[in-house]
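Visitor: sequence unavailable; structure follows:
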Ligand SMILES: [Zn+2]
(Lines give C-alpha, C1' and ligand atoms only; values in the text may rest on other atoms or scores of the structure.)
Protein backbone atom coordinates (compact mmCIF):
# COMPACT_ATOMS: atom_id res chain seq x y z
CA UNK A 1 0.00 0.00 0.00
CA UNK A 2 1.19 3.51 -0.79
CA UNK A 3 1.88 5.81 2.15
CA UNK A 4 1.92 9.46 1.24
CA UNK A 5 3.63 12.43 2.88
CA UNK A 6 0.97 14.35 4.86
CA UNK A 7 2.57 17.62 3.87
CA UNK A 8 3.54 17.44 0.18
CA UNK A 9 1.49 14.35 -0.76
CA UNK A 10 4.49 12.55 -2.30
CA UNK A 11 4.39 8.74 -2.19
CA UNK A 12 6.97 7.69 0.40
CA UNK A 13 9.39 4.81 -0.04
CA UNK A 14 9.28 1.95 2.41
CA UNK A 15 10.82 3.03 5.76
CA UNK A 16 11.03 6.68 4.64
CA UNK A 17 9.87 8.10 7.98
CA UNK A 18 10.96 11.65 7.11
CA UNK A 19 9.94 12.83 3.63
CA UNK A 20 13.02 13.18 1.40
CA UNK A 21 11.34 16.03 -0.46
CA UNK A 22 9.99 18.28 2.29
CA UNK A 23 11.29 16.75 5.51
CA UNK A 24 7.88 16.24 7.14
CA UNK A 25 7.51 13.36 9.57
CA UNK A 26 5.08 10.59 8.63
CA UNK A 27 3.20 9.15 11.59
CA UNK A 28 1.66 6.55 9.30
CA UNK A 29 5.09 5.32 8.20
CA UNK A 30 6.35 5.28 11.80
CA UNK A 31 3.39 3.08 12.78
CA UNK A 32 3.90 0.83 9.74
CA UNK A 33 7.60 0.42 10.61
CA UNK A 34 6.83 -0.24 14.28
CA UNK A 35 4.14 -2.82 13.57
CA UNK A 36 5.52 -4.22 10.32
CA UNK A 37 2.03 -3.75 8.90
CA UNK A 38 2.19 -1.70 5.72
CA UNK A 39 -1.50 -2.38 5.02
CA UNK A 40 -3.29 -5.08 3.04
CA UNK A 41 -4.01 -4.93 -0.64
CA UNK A 42 -6.46 -2.05 -1.26
CA UNK A 43 -7.84 -3.83 -4.33
CA UNK A 44 -8.92 -6.84 -2.25
CA UNK A 45 -10.55 -4.56 0.29
CA UNK A 46 -12.48 -2.77 -2.45
CA UNK A 47 -13.61 -6.08 -3.98
CA UNK A 48 -15.03 -7.10 -0.60
CA UNK A 49 -16.79 -3.72 -0.19
CA UNK A 50 -18.15 -3.84 -3.75
CA UNK A 51 -19.45 -7.36 -3.20
CA UNK A 52 -21.31 -6.30 -0.05
CA UNK A 53 -22.71 -3.32 -1.96
CA UNK A 54 -23.85 -5.50 -4.86
CA UNK A 55 -25.52 -8.15 -2.68
CA UNK A 56 -27.03 -6.04 0.10
CA UNK A 57 -27.63 -2.65 -1.51
CA UNK A 58 -28.39 -3.50 -5.14
CA UNK A 59 -29.94 -7.00 -4.99
CA UNK A 60 -31.10 -6.55 -1.38
CA UNK A 61 -33.09 -3.48 -2.32
CA UNK A 62 -34.76 -5.28 -5.23
CA UNK A 63 -35.56 -8.40 -3.23
CA UNK A 64 -37.06 -6.43 -0.34
CA UNK A 65 -39.13 -4.38 -2.79
CA UNK A 66 -40.59 -7.48 -4.47
CA UNK A 67 -41.22 -9.13 -1.09
CA UNK A 68 -43.11 -6.08 0.20
CA UNK A 69 -45.20 -5.99 -2.96
CA UNK A 70 -46.15 -9.65 -2.48
CA UNK A 71 -46.87 -9.41 1.26
CA UNK A 72 -48.94 -6.24 1.08
CA UNK A 73 -50.54 -6.85 -2.27
CA UNK A 74 -53.67 -4.72 -1.89
CA UNK A 75 -52.41 -1.70 0.03
CA UNK A 76 -48.87 -1.34 -1.25
CA UNK A 77 -48.20 1.94 -2.97
CA UNK A 78 -45.00 2.79 -4.86
CA UNK A 79 -43.95 5.09 -2.04
CA UNK A 80 -44.40 2.31 0.52
CA UNK A 81 -42.32 -0.21 -1.46
CA UNK A 82 -39.64 2.27 -2.45
CA UNK A 83 -39.29 3.82 0.97
CA UNK A 84 -39.14 0.65 3.04
CA UNK A 85 -36.88 -1.29 0.70
CA UNK A 86 -34.42 1.61 0.69
CA UNK A 87 -34.66 1.89 4.48
CA UNK A 88 -33.94 -1.81 5.07
CA UNK A 89 -31.29 -2.17 2.40
CA UNK A 90 -29.41 0.99 3.45
CA UNK A 91 -29.29 0.13 7.16
CA UNK A 92 -28.34 -3.49 6.41
CA UNK A 93 -25.56 -2.41 4.03
CA UNK A 94 -24.27 0.31 6.38
CA UNK A 95 -24.03 -2.07 9.37
CA UNK A 96 -22.34 -4.81 7.32
CA UNK A 97 -19.83 -2.42 5.73
CA UNK A 98 -18.93 -0.94 9.12
CA UNK A 99 -18.50 -4.40 10.68
CA UNK A 100 -16.33 -5.68 7.80
CA UNK A 101 -14.35 -2.49 7.15
CA UNK A 102 -14.02 -0.86 10.58
CA UNK A 103 -10.23 -1.17 10.40
CA UNK A 104 -10.20 0.85 7.17
CA UNK A 105 -12.13 3.64 8.87
CA UNK A 106 -9.91 4.35 11.86
CA UNK A 107 -8.50 7.63 10.55
CA UNK A 108 -11.50 8.60 8.46
CA UNK A 109 -12.27 12.04 9.93
CA UNK A 110 -9.51 14.36 8.74
CA UNK A 111 -5.92 13.67 7.61
CA UNK A 112 -5.17 16.78 5.56
CA UNK A 113 -3.65 20.13 6.51
CA UNK A 114 -5.36 23.48 7.17
CA UNK A 115 -4.87 24.82 3.65
CA UNK A 116 -6.43 21.68 2.17
CA UNK A 117 -9.32 22.01 4.63
CA UNK A 118 -10.27 25.55 3.61
CA UNK A 119 -9.96 24.71 -0.10
CA UNK A 120 -12.01 21.54 0.22
CA UNK A 121 -14.64 23.22 2.42
CA UNK A 122 -15.05 26.05 -0.10
CA UNK A 123 -15.38 23.63 -3.03
CA UNK A 124 -17.76 21.46 -1.02
CA UNK A 125 -20.02 24.32 0.03
CA UNK A 126 -20.13 25.60 -3.55
CA UNK A 127 -21.32 22.18 -4.72
CA UNK A 128 -23.94 22.13 -1.92
CA UNK A 129 -25.33 25.46 -3.18
CA UNK A 130 -25.25 24.33 -6.83
CA UNK A 131 -27.07 21.02 -6.31
CA UNK A 132 -29.61 22.69 -3.97
CA UNK A 133 -30.37 25.30 -6.63
CA UNK A 134 -30.61 22.57 -9.29
CA UNK A 135 -33.13 20.69 -7.15
CA UNK A 136 -35.33 23.82 -7.12
CA UNK A 137 -34.83 24.44 -10.82
CA UNK A 138 -36.44 21.34 -12.29
CA UNK A 139 -37.80 17.86 -11.60
CA UNK A 140 -35.04 16.41 -13.78
CA UNK A 141 -32.21 17.70 -11.62
CA UNK A 142 -33.43 16.55 -8.22
CA UNK A 143 -31.09 15.73 -5.35
CA UNK A 144 -33.41 13.23 -3.65
CA UNK A 145 -35.80 10.99 -5.64
CA UNK A 146 -38.98 12.86 -6.68
CA UNK A 147 -41.09 10.24 -4.92
CA UNK A 148 -39.54 11.48 -1.63
CA UNK A 149 -39.63 15.22 -2.35
CA UNK A 150 -43.27 14.92 -3.50
CA UNK A 151 -44.13 13.17 -0.24
CA UNK A 152 -42.28 15.76 1.88
CA UNK A 153 -44.04 18.53 -0.03
CA UNK A 154 -47.49 16.90 0.09
CA UNK A 155 -48.55 18.27 3.47
CA UNK A 156 -49.18 14.71 4.69
CA UNK A 157 -45.56 14.09 5.60
CA UNK A 158 -44.97 13.35 9.29
CA UNK A 159 -41.81 12.62 11.23
CA UNK A 160 -43.18 9.94 13.53
CA UNK A 161 -46.21 8.44 11.87
CA UNK A 162 -47.28 8.00 8.33
CA UNK A 163 -49.29 5.57 6.27
CA UNK A 164 -46.83 4.71 3.51
CA UNK A 165 -43.64 6.00 5.11
CA UNK A 166 -42.52 8.83 7.35
CA UNK A 167 -39.98 11.62 7.09
CA UNK A 168 -37.65 10.15 9.74
CA UNK A 169 -37.31 6.91 7.74
CA UNK A 170 -36.54 8.86 4.57
CA UNK A 171 -33.92 10.94 6.39
CA UNK A 172 -32.33 7.84 7.92
CA UNK A 173 -32.30 6.00 4.55
CA UNK A 174 -30.75 8.89 2.64
CA UNK A 175 -28.03 9.44 5.26
CA UNK A 176 -27.22 5.70 5.39
CA UNK A 177 -26.99 5.58 1.58
CA UNK A 178 -24.62 8.58 1.61
CA UNK A 179 -22.34 7.11 4.30
CA UNK A 180 -22.19 3.71 2.55
CA UNK A 181 -21.29 5.42 -0.74
CA UNK A 182 -18.55 7.47 0.94
CA UNK A 183 -16.98 4.36 2.48
CA UNK A 184 -17.20 2.09 -0.59
CA UNK A 185 -16.81 4.53 -3.49
CA UNK A 186 -14.44 6.99 -1.85
CA UNK A 187 -12.18 5.24 0.62
CA UNK A 188 -12.16 1.67 -0.73
CA UNK A 189 -12.49 2.46 -4.46
CA UNK A 190 -10.12 5.43 -4.70
CA UNK A 191 -7.48 3.74 -2.58
CA UNK A 192 -7.73 0.68 -4.85
CA UNK A 193 -7.53 2.71 -8.10
CA UNK A 194 -4.65 4.76 -6.74
CA UNK A 195 -2.73 1.73 -5.55
CA UNK A 196 -3.20 -0.58 -8.50
CA UNK A 197 -3.21 1.73 -11.53
CA UNK A 198 -0.92 4.42 -12.86
CA UNK A 199 -3.76 6.87 -13.54
CA UNK A 200 -3.09 10.56 -12.95
CA UNK A 201 -4.86 12.29 -10.06
CA UNK A 202 -7.43 13.93 -12.35
CA UNK A 203 -8.21 10.59 -14.03
CA UNK A 204 -8.62 8.97 -10.60
CA UNK A 205 -11.16 11.68 -9.71
CA UNK A 206 -13.01 11.23 -13.03
CA UNK A 207 -13.15 7.42 -12.85
CA UNK A 208 -14.05 7.43 -9.14
CA UNK A 209 -16.78 10.03 -9.70
CA UNK A 210 -18.30 8.06 -12.59
CA UNK A 211 -18.28 4.72 -10.78
CA UNK A 212 -19.86 6.36 -7.71
CA UNK A 213 -22.61 7.88 -9.89
CA UNK A 214 -23.40 4.56 -11.60
CA UNK A 215 -23.54 2.76 -8.22
CA UNK A 216 -25.82 5.46 -6.79
CA UNK A 217 -28.15 5.11 -9.79
CA UNK A 218 -28.19 1.30 -9.49
CA UNK A 219 -29.27 1.57 -5.86
CA UNK A 220 -31.65 4.56 -5.89
CA UNK A 221 -33.08 3.80 -9.34
CA UNK A 222 -33.99 7.45 -9.88
CA UNK A 223 -33.11 8.94 -13.25
CA UNK A 224 -33.91 12.45 -12.02
CA UNK A 225 -31.00 12.48 -9.55
CA UNK A 226 -28.26 11.42 -11.98
CA UNK A 227 -27.12 14.97 -12.84
CA UNK A 228 -26.71 16.08 -9.22
CA UNK A 229 -25.30 12.68 -8.26
CA UNK A 230 -22.54 13.14 -10.85
CA UNK A 231 -21.68 16.59 -9.49
CA UNK A 232 -21.69 15.32 -5.89
CA UNK A 233 -19.57 12.26 -6.73
CA UNK A 234 -16.97 14.24 -8.68
CA UNK A 235 -16.65 16.89 -5.95
CA UNK A 236 -16.51 14.35 -3.11
CA UNK A 237 -13.87 12.31 -4.95
CA UNK A 238 -11.90 15.51 -5.56
CA UNK A 239 -12.08 16.42 -1.86
CA UNK A 240 -11.04 12.90 -0.85
CA UNK A 241 -8.05 12.93 -3.20
CA UNK A 242 -6.96 16.39 -2.05
CA UNK A 243 -7.39 15.93 1.71
CA UNK A 244 -4.92 13.09 2.17
CA UNK A 245 -7.74 10.53 2.27
CA UNK A 246 -10.33 12.09 4.59
CA UNK A 247 -14.00 11.16 4.70
CA UNK A 248 -15.14 13.45 7.53
CA UNK A 249 -15.80 16.55 5.45
CA UNK A 250 -17.51 14.46 2.75
CA UNK A 251 -19.90 12.88 5.23
CA UNK A 252 -20.67 16.31 6.74
CA UNK A 253 -21.35 17.85 3.29
CA UNK A 254 -23.55 14.94 2.20
CA UNK A 255 -25.67 15.17 5.34
CA UNK A 256 -25.89 18.95 4.84
CA UNK A 257 -27.16 18.40 1.27
CA UNK A 258 -29.90 16.05 2.55
CA UNK A 259 -30.91 18.37 5.41
CA UNK A 260 -31.23 21.27 2.94
CA UNK A 261 -33.57 19.10 0.82
CA UNK A 262 -35.76 18.63 3.90
CA UNK A 263 -35.73 22.39 4.51
CA UNK A 264 -36.71 23.01 0.89
CA UNK A 265 -39.46 20.42 0.54
CA UNK A 266 -40.84 19.68 4.00
CA UNK A 267 -43.73 21.96 4.68
ZN1 LIG B 1 6.82 15.69 1.91
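Guide: Nice, thanks for sending it over. Note that the structure is predicted; figures quoted are calculated from it, not measured.

Visitor: ok, residues contacting the host helix or strand of residue 132?
Guide: Assessed by DSSP states H and E, residue 132 sits inside helix 114-137. Contact with helix 114-137 is made by 110, 112, 141-144, 149, 227-228, 231-232, 235-236, 238-239, 242-244, 249-250, 253, 256-257, 260-261, 264, as judged by CB atoms under 8 Å, 6 or more residues apart in numbering. Any C-beta I mention is one placed from the backbone N, CA and C, and that applies to glycine too.

Visitor: could you pull out the helices for the stretch 1-150 of the chain?
Guide: For the stretch 1-150 of the chain, the helices defined by DSSP state H, counting those that start in this stretch cover 27-35, 42-52, 60-71, 78-101, 114-137, 146-153.

Visitor: scratch that, the stretch 151-267 of the chain
Guide: Using DSSP H, counting those that start in this stretch, the helices of the stretch 151-267 of the chain run over 167-182, 189-196, 201-220, 226-241, 248-265.

Visitor: what number of residues lie near whatever residue of the stretch 51-200 of the chain ends up closest to the ion?
Guide: Here the residue of the stretch 51-200 of the chain nearest the ion is residue 113; by CB to the ion that distance is 11.1 Å. Around residue 113 sit 14 other residues, with neighbours defined as other CB atoms under 10 Å.

Visitor: up against the ion, what does the chain have?
Guide: Proximity of the chain to the ion, by CB under 5 Å from the ion, involves residues 5, 7-8, 19, 21-22, 24.

Visitor: could I have the buried ones of those as ChimeraX selection syntax?
Guide: Applying 16 or more other CB atoms under 10 Å to these, the buried members can be selected in ChimeraX as follows:
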select :5,19
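
Visitor: tabulate the residues of the chain next to the ion (TSV), appending pLDDT and distance to residue 64.
Guide: Rendered in TSV, the data for the residues of the chain next to the ion read as follows (pLDDT from 0 to 100; distance: CB to CB, whole Å):
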residue	pLDDT	distance to residue 64
5	89	45
7	89	47
8	91	47
19	94	49
21	93	51
22	95	51
24	94	48
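
Visitor: columns distance to residue 122 on top of the residues of the chain next to the ion, output as JSON lines?
Guide: JSON lines is the format used below for the residues of the chain next to the ion (distance: CB to CB, whole Å):
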{"residue": "5", "distance to residue 122": "23"}
{"residue": "7", "distance to residue 122": "21"}
{"residue": "8", "distance to residue 122": "21"}
{"residue": "19", "distance to residue 122": "27"}
{"residue": "21", "distance to residue 122": "27"}
{"residue": "22", "distance to residue 122": "24"}
{"residue": "24", "distance to residue 122": "24"}
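
Visitor: picking that back up, can you point out the buried residues in the helix holding residue 132?
Guide: Within helix 114-137, the residues that qualify as buried by neighbour count (16+ other CB under 10 Å) are 116-117, 120, 123-124, 127-128, 131-132, 134-135.
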